[in-house]
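J.: the following comprises the amino acid sequence and a computationally predicted model.
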2 protein chains.
Amino acid sequence: MDPFEEPASTREEILAAAYQALCEHGYADLTMEKIGAEFDKSVSLVYHHYDDKDDLVLSCLEFILEAFEEDFTGGVAAPEQRLEEFVGWVCAPSMEEDHREFMQLLLELRTHAGQDAEYRDHFTRSDDVFHAHLVDILEAGIESGTFEACDVDSVASTVQTLLVGVMLRRSTHDDETDWLPAVRTELERYLDRSLGR
Amino acid sequence: MDPFEEPASTREEILAAAYQALCEHGYADLTMEKIGAEFDKSVSLVYHHYDDKDDLVLSCLEFILEAFEEDFTGGVAAPEQRLEEFVGWVCAPSMEEDHREFMQLLLELRTHAGQDAEYRDHFTRSDDVFHAHLVDILEAGIESGTFEACDVDSVASTVQTLLVGVMLRRSTHDDETDWLPAVRTELERYLDRSLGR
C-alpha cells in the first residue's frame, strides 16, 4: 500500500514530498527547505499550506494512518488470512528496502513522541487504530467459528506489543536470523493456543 | 542499580557527567560543551579523554552494560525471583521518574542505531547480554526443577522482544493502563505454559 501513489491535491503532493524527504534525511535532519527540494513547485507554497516541519510531519503521519484505516474498513472476510498478513507485515524473513525504510522512519518518529505530546497523541491514536483492527479480525474469526472464543482485547494487545518489539529489534540489530524465526514460531504457538487453532 | 554512584576515576566522572547531560538534553541536542557543563573540572579534560560526543556516549553505554553484566555473573540462586525481577523492571505498573528517563534514553539511542553501525553493534551486544542472562535464569530453573524443560532460546527471545515492545509503547503512549496490565497477564500465562509453572 502506497498512500502517496496518486496525490489528489496540492496538499497531498506536499505530503508526498515530505514523506520522500523524511525517508531520505530522517526526522532530526529534516528542514522545510529539504521538503521543498522534493516538491516540484515552490517552497513558498509549502509554507502557504503548513506552518512548520512538525505541522507537516504530523499531517503526513495522519494521512498514512487514514489510508490504513480506509483499508481496514468494510469487514473482515478472511480472518485467518488477515491475521497472517498482519503478523507477516512485521515478521517477514526478508523485506523490501522501502518497507524497511518505512519501519525505521516510524520508529524514529515514535521515539520522538517520548518528548513531544503532539506526536504522543498521534501514536496513541495509531496504536488504537491497529488495536481495533486486530480486535475486528479476532472477533470475525470467533463469529465464523474459525477461532475459539478468547479475551480478544488481551490477545490483541499482546500481539501488538510483541510486533512493536520485533520492529524495534529488526531496525537496530545486526543479525535478526538469531532470534526472529524463533519469536515468530512462539507467536504462532501463542495464537494457536489462544484461538484454539 | 546506579553504575555512576561512585566514580572510580576521571574517566568515570566524565561518563557520569555525560549520562547526566544525556538525561537532561537527549542525544540529538547533546554537545561536548553540555557534557562539560555537568563536569566539575574543565571541558578540555573531557576532550583529552574522548574524541567526540559519540565516542563518549558509546563509552557511557558500554559502562552501563558492563555494570549489568557484573550484576548478572555469579550464578542464579533464585530463578523464579530473578525472572520476576527481569519482567518487573520493564512492566512495573508505576515507575520512578529516573527509571522512566533511563528507558526513554535507551530508546532514543537504540533508534539512532538504525542509522549508525557503531550504535547497532552496541545494541546487538546488549541484546546478547540480556538474552544470555535470561537463558541462564531459565536453565537454572530447569536444573533446580522449578521450571519444566523447554526451548530456552526461543522463550528467552520471545520474552526479550515483548519487553522491548513494552518499553517502546510505555514511552510513547498516553495511557498505558489500557493495555499494560493485560500484556503482563498474558506474558505470565505464556511463561506458566512454557515453563510448566
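T.: Good, I have the coordinates. None of the values given here were measured: they were computed from a predicted structure.
J.: got the contact list for residue A:82?
T.: The contact partners of residue A:82, by Cβ atoms under 8 Å, 6 or more residues apart in numbering or on different chains, come to A:76, A:137, A:140. Where you see a C-beta, it was placed from the backbone N, CA and C, and this is true even at glycine.
J.: now list the buried members of those residues.
T.: When those are checked for burial by 16 or more other Cβ atoms under 10 Å in any protein chain shown, the buried set is A:76, A:137, A:140.
J.: before we move on, back to that, tell me the one among the contacts of residue A:82 nearest to chain B.
T.: residue A:137 (16.9 Å; Cβ to the nearest Cβ).
J.: what ranges in chain A fall below the confidence cut-off?
T.: A:1 (pLDDT under 70).
J.: for the closest residue to chain B within it, give me its contacts.
T.: The minimum distance from chain A to chain B, using Cβ to the nearest Cβ, falls at residue A:165 (3.0 Å). Listed by Cβ under 8 Å, 6+ apart, the contact set of residue A:165 reads B:160-166, B:168.
J.: for residue A:19, same thing?
T.: Residue A:19 touches A:4, A:60, A:64, counting by Cβ under 8 Å, 6+ apart.
J.: sorry, back to before: just put the buried ones among the contacts of residue A:82 in CSV and tack on distance to residue A:148.
T.: What follows is the buried ones among the contacts of residue A:82, written out as CSV (distance: Cβ to Cβ, whole Å):
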residue, distance to residue A:148
A:76, 17
A:137, 14
A:140, 14
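J.: could I get these as CSV with secondary structure?
T.: Shown next, in CSV, are the buried ones among the contacts of residue A:82 (DSSP: H, G, I helix; E, B strand; the rest coil):
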residue, secondary structure
A:76, coil
A:137, helix
A:140, helix
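J.: ok, and which of those residues reach chain B?
T.: Among those, no residue is within reach of chain B (Cβ under 8 Å from any Cβ of the partner chain).
J.: ok, so of those residues, who is nearest residue A:83?
T.: Ranked by distance to residue A:83 (Cβ to Cβ), those are led by residue A:137 at 5.3 Å.
J.: the closest one contacts residue A:83, doesn't it?
T.: Yes: the criterion here is Cβ atoms under 8 Å, and residue A:137 meets it with residue A:83 at 5.3 Å.
J.: where does residue A:41 fall, phi/psi-wise?
T.: As for residue A:41, its main-chain torsions (degrees, to the nearest 10) stand at phi -90, psi -150.
J.: now for it: which residues touch it?
T.: Contacts for residue A:41 (Cβ under 8 Å, 6+ apart) come out as A:10, A:13.
J.: for residue A:79, same thing?
T.: By Cβ under 8 Å, 6+ apart, the residues touching residue A:79 are A:137-138, A:140-141, A:144, A:146-147.
J.: same deal with residue A:58?
T.: A:118-119, A:122.
J.: can you give me the neighbour number for residue A:187?
T.: 21 (other Cβ atoms under 10 Å in any protein chain shown).
J.: then residue A:74?
T.: 7.
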